[in-house]
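**Q** Take this sequence and fold it.
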Amino acid sequence: MNDAAASTAERIETTALALFARQGYEATTLAQIAEGVGIRKPSLYNHIESKESLFLYLVGQVEAAFFAIQDASLARYELACTEERLHALVKDLSTFIFTESQGAFYKRCLLFPPEPLDAQIRAINAQNEARIDEALRALYIQGRNEGYWHRLDERAFLDAFYCLMDGLYSQRFIYSHAEYERRLASSWRVFWAGLVHVYA
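**A** Numbering: from 1, shown residues only. Predicted structure coming up:
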């Protein structure tokens, strides 16, 4: 692929991601994507097979961005205690949801998967959740070994983490960045206190 083609492909991805995030899958047309890129609709097919394939490709790209942040956070704080590692992970994953278009696309895809792609999206989400579970299990075991909790079962730990992040991700679309950060700090204090005091 030459530089011009690569540039066009990147503009298609950026434009499509923004439109899908703002309007949803059903309301976004290939004509709108082509117009946003500055090319004619037939020219899109030099770069994509279909709207469905483009959307699924973007799902993969956004999920890859999520796991890049997750894995980098866990690696960066590999030698830290459970509290520091878990807190860092919550804060680092918050940067993902604030990335332009990416966060809205991710949230919309989770809550309202396009009907024609529903089965495929749900299968992807299940695979991704299994990967997140694996990372969280390691933190759960570390916390248990460090004496933070003894009566907390693994499933409850995972459920609490998901509910915390889902709630924070919803807050991102309602409040300013500053207010989000305040709420994140408050939520973290209550979340951690619940883990270490109720289940110690």
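**Q** Retrieve the pLDDT associated with the spatially most central residue of the chain.
**A** Centroid-nearest residue in the chain, with C-alpha atoms, centre = their mean: residue 66, separated by 4.8 Å. Residue-level confidence at residue 66 comes out at 95, pLDDT.
**Q** distance of it from residue 22?
**A** Distance of residue 66 to residue 22, computed by C-beta to C-beta, to the nearest Å: 20 Å. (Each C-beta comes from the backbone N, C-alpha and C, glycine too.)
**Q** Give me the contacts around stretch 15-34.
**A** Applying C-beta atoms under 8 Å, 6 or more residues apart in numbering, the contact partners of stretch 15-34 are 12, 36-37, 40-41, 43-44, 51, 54-55, 58, 61-62, 100-105, 108, 112, 114-115, 117.
**Q** C-alpha coordinates for that stretch, CSV please?
**A** These are the backbone C-alpha positions of stretch 15-34, laid out as CSV (Å, rounded to 0.1, in the frame of the first residue of the first chain):
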residue,chain,number,x,y,z
THR,A,15,-14.1,9.3,9.9
ALA,A,16,-16.0,6.1,10.3
LEU,A,17,-15.1,5.8,14.0
ALA,A,18,-16.3,9.3,14.7
LEU,A,19,-19.6,8.8,12.8
PHE,A,20,-20.3,5.4,14.3
ALA,A,21,-19.6,6.8,17.7
ARG,A,22,-21.9,9.8,17.3
GLN,A,23,-24.7,8.4,15.2
GLY,A,24,-24.5,4.6,15.7
TYR,A,25,-24.1,1.9,13.1
GLU,A,26,-27.6,2.0,11.6
ALA,A,27,-27.7,5.8,11.1
THR,A,28,-24.2,6.0,9.5
THR,A,29,-24.1,5.4,5.7
LEU,A,30,-21.1,4.7,3.5
ALA,A,31,-22.0,7.9,1.6
GLN,A,32,-21.5,9.9,4.8
ILE,A,33,-18.2,8.3,5.4
ALA,A,34,-17.1,9.0,1.8
